[in-house]
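Student: predicted structure and sequence below. I'll ask about it afterward.
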Amino acid sequence: MIDLNKVKFDSNGLIPAVVIDYDSKKILTLAYMNRESLEITIEKKLTCFFSRSRQKLWLKGETSGNYQHVVSIVADCDYDALAVYVKPEGPACHTGNVSCFHNEIFDNSNEYETFSLQSLMKMLNQRKEEKVEGSYTSYLFEKGIDKILKKVGEESTEVIIAAKADDKKETIYEIADLTYHVMVLMLQMGITLDDIHDELKSRHVIDKKVKQEKMT
């Protein structure tokens, strides 16, 4: 718990607050708080900032509906900057972008990029857009939905066969194949990983509410 007496506000009575999506860890925005807005943020569990241009407090989402529900607030080593972890109801930026940080100036991520489902999805989308000759992925997109669905069905069957045989190594291999083809299907239908994440998250929230209701 932050001791507000330790928080160091600048000469204007403000402290920078970096707002971060609790789930994705994506930086959403940089805003400023004074002591009053920080106290309101803690009390309401919703981000409240101080507008330097308007010289007034503003509760994020009060007019747009894009509230940011506060999960935790962490101060840096000198207590002169805050990291605010939130669960956002909508985009953080007034432009409609998820994050205010969307104007790319430099990108050297390819040199350091590690494998993830996001990086795989990015590569699959490139094969879809560029139609690389000799690429199996490009071939699937060229053949269309029927071919993709056929492969999803075949790979699902392969998973069942491997699991029924109690072959763990083969089951892992077949699940990887199935996952790949499902991701191709997702791109073909315009479905994102975030869409799946949000659907699973909504089920998790409902499940937690049901369990809480049973306990009361």
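Tutor: It's in.
Student: contacts, neighbours, all on C-alpha from now
Tutor: Noted.
Student: I'd like the average pLDDT over stretch 89-108.
Tutor: Averaged over stretch 89-108, pLDDT sits at 92.
Student: just the residues contacting that stretch, thanks.
Tutor: 26-29, 65-69 (Cα atoms under 8 Å, 6 or more residues apart in numbering).
Student: how about TSV for those, with secondary structure added?
Tutor: Formatted as TSV, those follow (DSSP: H, G, I helix; E, B strand; the rest coil):
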residue	secondary structure
Lys26	coil
Ile27	strand
Leu28	strand
Thr29	strand
Gly65	coil
Asn66	coil
Tyr67	coil
Gln68	strand
His69	strand
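Student: mind checking which of those residues are buried?
Tutor: Those of the contacts of stretch 89-108 that meet the buried threshold are 27-29, 66-69, by 16 or more other Cα atoms under 10 Å.
Student: mind listing the strands for this protein?
Tutor: For the chain, strands defined by DSSP state E occupy the ranges 15-21, 27-33, 48-51, 56-59, 68-75, 82-88.
Student: including distance to Ile105, could these go into CSV?
Tutor: Below are the strands of the chain laid out as CSV (distance: least, Cα to Cα, whole Å):
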stretch, distance to Ile105
strand 15-21, 20
strand 27-33, 16
strand 48-51, 26
strand 56-59, 29
strand 68-75, 27
strand 82-88, 23
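Student: per-domain residue ranges of the chain.
Tutor: What automatic domain parsing lists as the domains of the chain is 15-88, 113-215.
Student: tell me the contacts of the residue in the chain sticking out farthest from the centre?
Tutor: The C-alpha centroid of the chain is most remote from Ala165, which lies 37.0 Å away (Cα atoms, centre = their mean). Not one residue lies near Ala165 by Cα under 8 Å, 6+ apart.
Student: what does the one 10 residues further on give?
Tutor: Taking Cα under 8 Å, 6+ apart as the criterion, Ile175 is in contact with 155-156, 159.
Student: any chance of the buried ones among the contacts of stretch 89-108 in JSON lines, with pLDDT and distance to Asp195 too?
Tutor: Formatted as JSON lines, those follow (pLDDT from 0 to 100; distance: Cα to Cα, whole Å):
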{"residue": "Ile27", "pLDDT": "96", "distance to Asp195": "19"}
{"residue": "Leu28", "pLDDT": "97", "distance to Asp195": "19"}
{"residue": "Thr29", "pLDDT": "97", "distance to Asp195": "22"}
{"residue": "Asn66", "pLDDT": "95", "distance to Asp195": "18"}
{"residue": "Tyr67", "pLDDT": "97", "distance to Asp195": "20"}
{"residue": "Gln68", "pLDDT": "97", "distance to Asp195": "19"}
{"residue": "His69", "pLDDT": "97", "distance to Asp195": "20"}
